[in-house]
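In: what would the 3D arrangement of this be:
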Amino acid sequence: MTVVKSTIPESARQVTGDALQSTLVDLLGLSLIGKQAHWNIVGPRFRSIHLQLDEVVAAARSHADTVAERSSALGIPPDGRPETIASAYTLGGPKDGWVRDDEVVQAMVEALDTAIARLRKRIDATGEPDPVTQDLLITITAELEKHRWMFVAENGPGGSA
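Out: Numbers count the residues shown, from 1 in each chain. Here you go, the predicted structure:
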């Protein structure tokens, strides 16, 4: 079996690997809760939020793939197995069954808030050990913040989710 050798020192590899794996879990989980909400949303804003959820899911899945490939490139096998995601995922999500559009918005804002806060900590943690990974995490954070803003805007002027 051939093992991919890392291009960064072991101490940097550990910090970077932890940041990448945690981000992978958050992104894969975010894509799953986005789809769950997408399938079960009801209410007057169904269509706009339904479509927006697909955008979040696509972004989360795309970024998850990039994160996993970055991990592999550094010689750190990514773990996206269902049991890993299920045991490590801690972001919130929508309730079971049909979910009102305003509840979907609230759940997505809360999940994105948590994911963004965690990403910002990982950005700080990876700055010294691996600026390349830090740059990737900055890009992901910017896109998730854009999606958060769009959900918050669903509540209208002065509204917050």
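In: switch to C-alpha atoms for all contacts and neighbour counts from now on
Out: Noted.
In: tell me which helix or strand the residue nearest the centre of the chain sits in.
Out: Within the chain, the residue whose C-alpha comes closest to the C-alpha centroid is Leu27; the distance, by CA atoms, centre = their mean, is 2.9 Å. Following DSSP states H and E, one finds Leu27 within helix 10-40.
In: chain center to that helix: distance?
Out: Offset of helix 10-40 from its chain centre (CA atoms, centre = their mean, to the nearest Å): 5 Å.
In: what's downstream of the helix or strand bottoming out on mean pLDDT in the chain, the next helix or strand?
Out: When the helices and strands of the chain are scored by mean pLDDT, DSSP states H and E, helix 82-88 comes last with a mean of 94. Next helix or strand after helix 82-88 toward the C-terminus (DSSP H and E): strand 99-100.
In: packing partners for that next one?
Out: Where contact means 3 or more CA pairs under 8 Å, 6 or more residues apart in numbering; DSSP states H and E, strand 99-100 is packed against strand 41-42.
In: what angle separates the helix or strand that comes right after the strand it packs on from helix 10-40?
Out: Per DSSP H and E, strand 41-42 leads on to helix 46-73 as the next helix or strand towards the C-terminus. Computed by axes from the mean of the first three to the mean of the last three CA atoms, to 10 degrees, the angle separating helix 46-73 from helix 10-40 equals 160 degrees.
In: helix 46-73 - contacts with which helices or strands?
Out: helix 10-40, helix 101-126, helix 131-153.
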